[in-house]
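Engineer: predicted model and sequence below, questions to follow.
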Amino acid sequence: AQKITQTQPGMFVQEKEAVTLDCTYDTSDQSYGLFWYKQPSSGEMIFLIYQGSYDEQNATEGRYSLNFQKARKSANLVISASQLGDSAMYFCAMSHNRDDKIIFGKGTRLHILP
Amino acid sequence: EPEVTQTPSHQVTQMGQEVILRCVPISNHLYFYWYRQILGQKVEFLVSFYNNEISEKSEIFDDQFSVERPDGSNFTLKIRSTKLEDSAMYFCASSERVQVSGNTIYFGEGSWLTVV
């Protein structure tokens, strides 16, 4: 069965520091995708970054990078130079190429301190 | 930038009442989804819909729930007789293709449902 685990319910980080949000996953499939979404207090789901299981390079999107360690089944999100606007809930998620749904982890609430 | 739109943004309803949540997916998308997020909890898959029928549903999606694409534009989620535990944010999403990768699944801004 597919499973996403985010072990950090909450984090406090000083502005301008880098932050790593942890995500591990469990799947028996070889072909899958990993996502990170940001959910601010307004509630919408904002796509941040995607990593395919066959992608050899770690995904990067601006200040976001995904530290993909396939053997460890981890897909940590790294935010460089954090900003106050990064304060939000962050969800790690996974899809399989054999079906059409995404499953989500429980999320990590990130607080950026001025 | 294409977007998925949802209405209403917030609805308060009496327990036992029927509720219809509406979604307008992106026009050339073929795969549609509903997800639910109870306050403070994770986002949960409810149902996926393709070619005018349900392609997959979760155990949450019981007989009280139904989905419909009545006019080729809207995609609706109906809850027949709401319960207190149906209070949640409901997200509609759409995708152009079944193999979701990258930013190919688009979420709406959600509909808050409060059952009192």
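Structural biologist: Perfect, I can see it now.
Engineer: centre of the chain to the helix or strand bottoming out on mean pLDDT in chain B, how far?
Structural biologist: Lowest by mean pLDDT, DSSP states H and E among the helices and strands of chain B is strand B:105-107, with a mean of 87. Distance, stretch centre to chain centre, for strand B:105-107: 12 Å (Cα atoms, centre = their mean, to the nearest Å).
Engineer: by contact count, what packs against that strand?
Structural biologist: strand B:88-95 (3 or more Cβ pairs under 8 Å, 6 or more residues apart in numbering or on different chains; DSSP states H and E). Placement of C-beta: from N, CA and C, glycine included.
Engineer: the strand it packs on: partners in the sheet, and parallel or antiparallel?
Structural biologist: Note on strand B:88-95: by DSSP bridges, its sheet partners are strand B:31-37 (antiparallel), strand B:105-107 (antiparallel), strand B:111-115 (antiparallel).
Engineer: right, and residue A:53 touches residue A:32 too?
Structural biologist: Yes. The criterion here is Cβ atoms under 8 Å, and residue A:53 meets it with residue A:32 at 4.7 Å.
Engineer: state the number of residues packed around residue A:57.
Structural biologist: Using other Cβ atoms under 10 Å in any protein chain shown, residue A:57 is surrounded by 8 other residues.
Engineer: now do residue A:17
Structural biologist: 12.
Engineer: and residue A:85, that's in a strand?
Structural biologist: No. The assignment for residue A:85 (DSSP: H, G, I helix; E, B strand; the rest coil) gives helix, which keeps it out of a strand.
Engineer: what's the burial count for it?
Structural biologist: Neighbours of residue A:85 (other Cβ under 10 Å): 9.
Engineer: beta partners for the closest residue to it other than its chain neighbours?
Structural biologist: Spatial nearest neighbour of residue A:85, chain neighbours left out: residue A:112 (7.8 Å); criterion: Cβ to Cβ, 6 or more residues apart in numbering or on different chains. Judged by DSSP bridges, the bridge partners of residue A:112 are residue A:13.
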